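In: give me coordinates for this.
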Amino acid sequence: MLPTVEPVYGLARALLTPPLRYGLKWTVEGAHTIPVRGPVILASNHVSYLDPLVLAYVAKDRARNVRFLTKAELFEHRALGPVLRATHQIPVQRQTTDAATSLAAAERALNDGECVVIFPEGTISLDLDPMPGKSGTARLAQSTGVKVTPVGVWGAQRILFKGRKPSWSPGVAESVVIGAPLRVRPGDDIGAATDRIMNAIAHAVARARELYTQQPSHGEDDWWARPPGSAFRHIGHASGAAS
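Out: Residues are numbered from 1 along each chain as shown. Alright, predicted model coming up:
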C-alpha cells in the first residue's frame, strides 16, 4: 500500500526543520527505540510550547509523522486550527464528558499504524518537574495493546514557556531522551500503570538533564535549570519499568 500524501504536513516540515536543526544544539539519545513503522505511543513530559515541534523533529528522523492529542480550543484558532486539522492532529475536550472522544480518535490513529504523541500531565509543568499523569495514556495503551515509549525533553523552556516572555538566541541546547517501551496489560490497574508511565518519563527527564550541555552563565537568571534528581520530586523514584 502506498503511503498517504500529506502536503500540509510536508510543507510544515520543510518550513520548520531548518530553524529547528540549525537553531538548537541537539542531544538525542534512544531514538532507535521509535519504530519506523507500525503503531507507537510517545508519552512525554511537557515544559514548553515548543515541545510538540521538538518531538515532531525527533520522530522525523525515524520517518514518522506525529499525531498529537491537542487541546480542542487550539483548533478554533484562525491560523493554527486549519493546520492542525490538515495534519490530522487529535483534539482533546479537556474536563468534559467528551474527553473520551479523543481516546477513540487516538485508537483509530493507532489502528492505522500512526505515531501518537501524548503529554500525560495534560499541561506544561510550571515548576518544570514531571507531575502525576492523567490516566488516558494508560487507558489507550491498555485498550490497543500498543506499548508506551517514554520521552524526556529538556531545554525548550528557555525559549517559550508559559507566562514568560519568549527568548531565543542561536545555539540553545535541547536534550531528548527516549526510554524503553513499556506495556499496559489487560488486567493491569490503570492507576498503577499511570504511575509506571510517569516514573519512566521521569527517568528520561533525569537523563536528559544529565546530558544537557549548557548551564546558566554567570549572572544569568537560572529559573530554567533543575538537577536531574528533582525529576522525581512529584512522583517517586522507582526503578525503570520496561516490559
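In: elements contacting the strand or helix carrying residue 202?
Out: In this assignment (DSSP states H and E), residue 202 forms part of helix 190-211. If contacts are counted by 3 or more CB pairs under 8 Å, 6 or more residues apart in numbering; DSSP states H and E, helix 190-211 sits against strand 24-29, strand 40-44, helix 136-144, strand 148-154, strand 172-178. C-betas here are computed from N, CA, C, even on glycine.
In: my read is that residue 38 contacts residue 113, right?
Out: Yes - applying CB atoms under 8 Å as the test, residue 38 and residue 113 come out as touching, 5.4 Å apart.
In: beta-bridge partners for the most centrally placed residue in the chain, please?
Out: In the chain, the centroid-proximal residue (CA atoms, centre = their mean) is residue 44; its distance is 3.6 Å. Here residue 44 sits in beta bridges with residue 151, going by DSSP bridges.
In: OK, contacts around it?
Out: Contact analysis of residue 44 by CB atoms under 8 Å, 6 or more residues apart in numbering lists 51, 55, 117-119, 150-153, 201.
In: which among the residues you listed gets closest to residue 21?
Out: residue 55 (14.6 Å; CB to CB).
In: and the helix or strand bottoming out on mean pLDDT in the chain, what's buried?
Out: Lowest on mean pLDDT, DSSP states H and E among the helices and strands of the chain sits helix 80-86, with a mean of 75. Across helix 80-86, burial judged by 16 or more other CB atoms under 10 Å covers 81, 83-84.
In: list the buried ones in stretch 37-52?
Out: 39-48, 50-52.
In: export those residues to JSON lines and tack on distance to residue 77?
Out: Converted to JSON lines, those look like this (distance: CB to CB, whole Å):
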{"residue": "39", "distance to residue 77": "28"}
{"residue": "40", "distance to residue 77": "28"}
{"residue": "41", "distance to residue 77": "26"}
{"residue": "42", "distance to residue 77": "24"}
{"residue": "43", "distance to residue 77": "25"}
{"residue": "44", "distance to residue 77": "22"}
{"residue": "45", "distance to residue 77": "24"}
{"residue": "46", "distance to residue 77": "19"}
{"residue": "47", "distance to residue 77": "22"}
{"residue": "48", "distance to residue 77": "18"}
{"residue": "50", "distance to residue 77": "17"}
{"residue": "51", "distance to residue 77": "18"}
{"residue": "52", "distance to residue 77": "14"}
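In: ok, and the closest non-adjacent residue to residue 144?
Out: In space, residue 144 comes closest to residue 110 once its chain neighbours are excluded; the distance is 4.9 Å by CB to CB, 6 or more residues apart in numbering.
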